[in-house]
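Peer 1: have a look at this prediction, sequence included:
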Amino acid sequence: MIDITTTRFDASQRHPPLIVFAMLFILALLCAWLIGYASAGAERLNWMHVIGYATIVMLTIYVIIDLDYPRYGLIRLDFAQEPLEEVSRSMR
């Protein structure tokens, strides 16, 4: 039981390197630039596409970061810890 607790704690403390997050943001900027470049020839800017793209990119980045920190944010994975807490209570 001690080994699995240590393994779970270690896994919860590991996060992707910062370069992964930097590449994610660079990819979002590059895609935004390509979309802007492609729509530069249009007479009018389609606001539905602009807002849709911004929303999708923002939600994707938020979900990735939120899942990386399972105890914080809107997406919580506290239920995965409950079996260990029950075993700990039963041992007392």
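Peer 2: Perfect, thanks for sending it.
Peer 1: tell me the contacts of the residue nearest to the spatial centre of the chain?
Peer 2: By Cα atoms, centre = their mean, the chain has its centre lying nearest to residue 64, at 1.4 Å. Residue 64 makes contacts with residue 24, as judged by Cβ atoms under 8 Å, 6 or more residues apart in numbering. C-beta here means a position set from N, CA and C on the backbone, and glycine is covered the same way.
Peer 1: sticking with it, tell me its helix or strand.
Peer 2: With elements delineated by DSSP states H and E, residue 64 resides in helix 47-68, which encompasses its position.
Peer 1: kindly report the same for residue 25.
Peer 2: Using DSSP H and E, residue 25 falls in helix 18-38.
Peer 1: what does that helix rub up against?
Peer 2: Contacts of helix 18-38 (Cβ under 8 Å, 6+ apart): 49, 53, 57, 61, 64-65.
Peer 1: scan those residues and report the most crowded one.
Peer 2: residue 57 (17 neighbours; other Cβ atoms under 10 Å).
Peer 1: next up, the contacts around that one.
Peer 2: Shown in contact with residue 57 (Cβ under 8 Å, 6+ apart): 28, 31-32.
Peer 1: buried among these? Need that as a selection in PyMOL.
Peer 2: To isolate the buried members of the contacts of residue 57 in PyMOL, using 16 or more other Cβ atoms under 10 Å:
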select buried, resi 28
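Peer 1: TSV for the contacts of residue 57, including pLDDT and distance to residue 39?
Peer 2: As requested, those are exported to TSV (pLDDT from 0 to 100; distance: Cβ to Cβ, whole Å):
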residue	pLDDT	distance to residue 39
28	89	17
31	88	13
32	88	11
